[in-house]
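Trainee: Okay, predicted coordinates and the sequence, questions at the end:
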Amino acid sequence: MKKRKAKLRKRVIIAAVFAVILVLIALFSGVLAPNDPYATNSSLIRQAPSAAYLFGTDNLGRCVLSRVLIGARTTIASTFFLVAVSFLIGITIGMLCGFYGGIVDDILMRIADLMLAFPQMVVAIAVAGILGGGLGGAMIALGITMWTSFARLARSHTLSIRNEPYITAARLQGKSGPQIMLTHIMPNILEPVLINALTQIGTTMIGISGLSFLGLGVVAPQAEWGSMISEARAYIQIAPWAVLFPAAATVITIVVFNYLGDAVMEYRKAE
Amino acid sequence: MSEYLLKINDLSASYGDEDIVKEVSLCMQPGEVVCIVGESGSGKSTLIKAIHGMSGVGITGGTIVFDDADITALPARDRRKLMGTGIGLIPQDPQASFNPIRKLDVQFREALAGHDLPYDEDRIDEMLRKIGLQHGKAVLKNRPFELSGGMNQRIAIAAAMLFEPRLLLCDEATSALDVTTAGAVVEELLKIRETNGTSILLVTHHLGIARKMADNIGIMKDGRIIEYGNTEKIFDSPQNEYTKKLIRDVPKLKK
């Protein structure tokens, strides 16, 4: 048992190290990028990877490596922001539902059911289409369904602890509902909901890149992995590197964050 | 002012369908110690919860009068004011009564602030020392799950005593303590009764503690108090068959 735990902990640490490296790359992409990611150069169109341009250049002669690095910032930052906002909204609604119950619970949970009735991506495409593209629109489109998973989780955990004696004790001390939720319930349900947030990062990233790929997310010159793939797939037979590198970056990032989420979840389960 | 601090008339309480406590009547004078003894499931804890007004326990009949005021159907807000300084409770499961991931001193501070009482570290330390917890200040820097069951129980006892309630309800307050510590707690409870005139309603299945502490003893079975009277009388000449059996069944060291 102990051996298994040590093994699981090692997995968590390895995954976390990779995740931190990715986040650091995204944070310092401005410094790391060897060339201006937006500078076009008509004499360097579709250059194969070389010492000067490690990942080659795209259709407009832009450095693919620089664009992948800058794109990391867009993708990872927007993913984290979206997960964080959904997390906050979801956990608040979930706690309200679980703690107060009754009609509040009924109304909010039926709204959540409504959101979950359609496949997430279909709703996101429809909403992003109505909002007319742009990164903000894509994030709203994904966030509209994403908070529900946090809300449901937070609600069920709140339900399981709301009748604990220490909640009763807090009530008898004269604490108000919001106070109890903030000081007693939230800290105690935080862990499972946070782990859920971790596992959502991968899916969210696919969502944002997917919407950008469809032209509903990030708008043209801005570097983002999904839109880069979408742009470059037109000339994939002449310059495959312009597709391959952002695609590889997407896959690696998603794998790392999914692996981290799974590792943490398994580690907690083993306790 | 009447001579009774607590007067319970024909109290029935339930968790839903069936009454767990059935038509119990009980009177307590200021400074009186009453023990309710009975087997598991006889409704002892439910009686305590009903008096305390915990949510989940429904009072289906009868009245509870505390200090000449009917508190049977008191609104939650008014009842809260009564808790702590009026009616204190030492819970059955102290560890669950503290938030598991917050340090105890923070929780003490909050509880005291809720009643506009100052957080006096030395007083808490002294209180803990009295019931056998040395290094109280260090102990309170822990979270509940980091302490043993006995330590938690003593902390819960100290917490209840800090408020100097006029009526102290003890729900198996010494069940997780060893004999020596239980003795110290009993001594301390009796001392508090002496200095503050606190009435104590103690629920226990430990007849020894009941005999040592109680002025009056009530034997509870199937939700009813089947025999009630002076401690000496109950132990010397029990009337009810069940009481006799209960006293006979106490494990003894000598054969």
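Mentor: Sure thing, it's come through.

Trainee: Check what pLDDT whichever residue of the stretch 1-150 of chain A sits closest to chain B gets.
Mentor: Nearest residue of the stretch 1-150 of chain A to chain B: A:Gly101, at 12.6 Å (Cβ to the nearest Cβ). (C-beta placed from N, C-alpha, C; glycine too.) Note for A:Gly101: predicted pLDDT of 88.

Trainee: any low-confidence regions in the stretch 51-200 of chain B?
Mentor: The model of the stretch 51-200 of chain B has no residue with pLDDT under 70.

Trainee: Around chain A, pick out the residues from it.
Mentor: Applying Cβ under 8 Å from any Cβ of the partner chain, we find that the stretch 51-200 of chain B lies next to chain A at B:54-56, B:76, B:80-81, B:83-84, B:91, B:93, B:96-102, B:110-111, B:114-115.

Trainee: cutoff 7 Å now
Mentor: B:54-55, B:80, B:83, B:91, B:93, B:96-101, B:110-111, B:114 (Cβ under 7 Å from any Cβ of the partner chain).

Trainee: What segments of the stretch 151-255 of chain B are strands?
Mentor: Secondary structure of the stretch 151-255 of chain B (DSSP state E, counting those that start in this stretch): strands at B:167-171, B:199-204, B:216-221, B:224-230.

Trainee: can you put the ones you listed in CSV and add distance to A:Arg11 and mean neighbour count?
Mentor: CSV is the format used below for the strands of the stretch 151-255 of chain B (distance: least, Cβ to Cβ, whole Å; neighbours: other Cβ atoms under 10 Å in any protein chain shown):
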stretch, distance to A:Arg11, mean neighbour count
strand B:167-171, 45, 24
strand B:199-204, 50, 25
strand B:216-221, 55, 23
strand B:224-230, 59, 17
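
Trainee: near chain B at all, the helix or strand bottoming out on mean pLDDT in chain A?
Mentor: Of all helical and strand segments in chain A, the minimum by mean pLDDT, DSSP states H and E falls on helix A:165-172, at a mean of 82. Yes. Counting by Cβ under 7 Å from any Cβ, chain B is contacted by helix A:165-172 at A:165-166, A:168-169, A:172.

Trainee: And that helix, what does it pack against?
Mentor: Here helix A:165-172 touches helix A:177-180, going by 3 or more Cβ pairs under 7 Å, 6 or more residues apart in numbering or on different chains; DSSP states H and E.

Trainee: Show the subsequent helix or strand relative to the helix it packs on.
Mentor: helix A:186-213 (DSSP states H and E).

Trainee: which strands and helices sit next to that next one?
Mentor: Using 3+ Cβ pairs under 7 Å, 6+ apart, helix A:186-213 sits against helix A:64-100, helix A:120-131, helix A:135-161, helix A:225-232, helix A:241-270.

Trainee: So which bits of the third one are buried?
Mentor: Residues of helix A:135-161 classed as buried: A:135, A:137-155, A:157-159, A:161 (neighbour count, 16 or more other Cβ atoms under 10 Å in any protein chain shown).

Trainee: Then the first one?
Mentor: Residues A:64-76, A:78-80, A:82-83, A:86-87, A:89-99 are the ones in helix A:64-100 that count as buried (16+ other Cβ under 10 Å).

Trainee: what do you get for the second one?
Mentor: Neighbour-count burial for helix A:120-131, with 16+ other Cβ under 10 Å as criterion, is recorded at A:120-121, A:123-125, A:127-128.

Trainee: Against chain B, which of the residues you listed make the cut? List them.
Mentor: The subset of the buried residues of helix A:120-131 lying close to chain B, counting by Cβ under 7 Å from any Cβ, is empty.

Trainee: returning to that earlier point: using CSV, write out the CA atom coordinates for the least confident helix or strand of chain A.
Mentor: Taking Å, rounded to 0.1, in the frame of the first residue of the first chain, the C-alpha atoms of helix A:165-172 are listed here in CSV:
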residue,chain,number,x,y,z
PRO,A,165,-22.3,18.5,13.8
TYR,A,166,-19.8,21.3,13.2
ILE,A,167,-22.1,23.0,10.8
THR,A,168,-24.9,22.8,13.4
ALA,A,169,-22.4,24.2,16.0
ALA,A,170,-21.6,27.1,13.7
ARG,A,171,-25.3,27.7,13.2
LEU,A,172,-25.8,27.7,17.0
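
Trainee: got the angle for that helix vs helix A:186-213?
Mentor: Angle, helix A:165-172 to helix A:186-213, by axes from the mean of the first three to the mean of the last three Cα atoms, to 10 degrees: 100 degrees.

Trainee: Tell me how many other residues surround the residue lying closest to B:Arg109 once chain neighbours are set aside.
Mentor: Leaving aside its sequence neighbours, B:Arg109 sits nearest to B:Tyr119 (Cβ to Cβ, 6 or more residues apart in numbering or on different chains; 4.7 Å). Neighbour count for B:Tyr119, taken as other Cβ atoms under 10 Å in any protein chain shown: 15.

Trainee: about what we covered before: derive a ChimeraX selection command for the buried subset of the residues of the stretch 51-200 of chain B next to chain A.
Mentor: Of those, the buried ones go into a single ChimeraX selection, burial set by 16+ other Cβ under 10 Å:
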select /B:54,80,83,91,93,96,97,98,99,100,110,111,114
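
Trainee: Name the nearest of the residues of the stretch 51-200 of chain B next to chain A relative to B:His205.
Mentor: B:His205 has its nearest neighbour among these in B:Asp93, at 15.3 Å by Cβ to Cβ.

Trainee: For that closest one, give me its contacts.
Mentor: Residues near B:Asp93 by Cβ atoms under 7 Å, 6 or more residues apart in numbering or on different chains: A:Pro165.

Trainee: How about B:His115?
Mentor: The contact partners of B:His115, by Cβ under 7 Å, 6+ apart, come to B:84-85, B:163.

Trainee: My guess is B:Asn99 contacts B:Gln107. True?
Mentor: Yes. At 6.2 Å, B:Asn99 counts as touching B:Gln107 under the criterion of Cβ atoms under 7 Å.

Trainee: Let's check: the centremost residue of chain B is which one?
Mentor: Taking Cα atoms, centre = their mean, the centroid of chain B lies closest to B:Cys170, which sits 1.1 Å from it.

Trainee: ok, now which ones touch that one?
Mentor: B:Cys170 is in contact with B:90, B:200, B:202-203, counting by Cβ under 7 Å, 6+ apart.

Trainee: Perfect, I'm done here.
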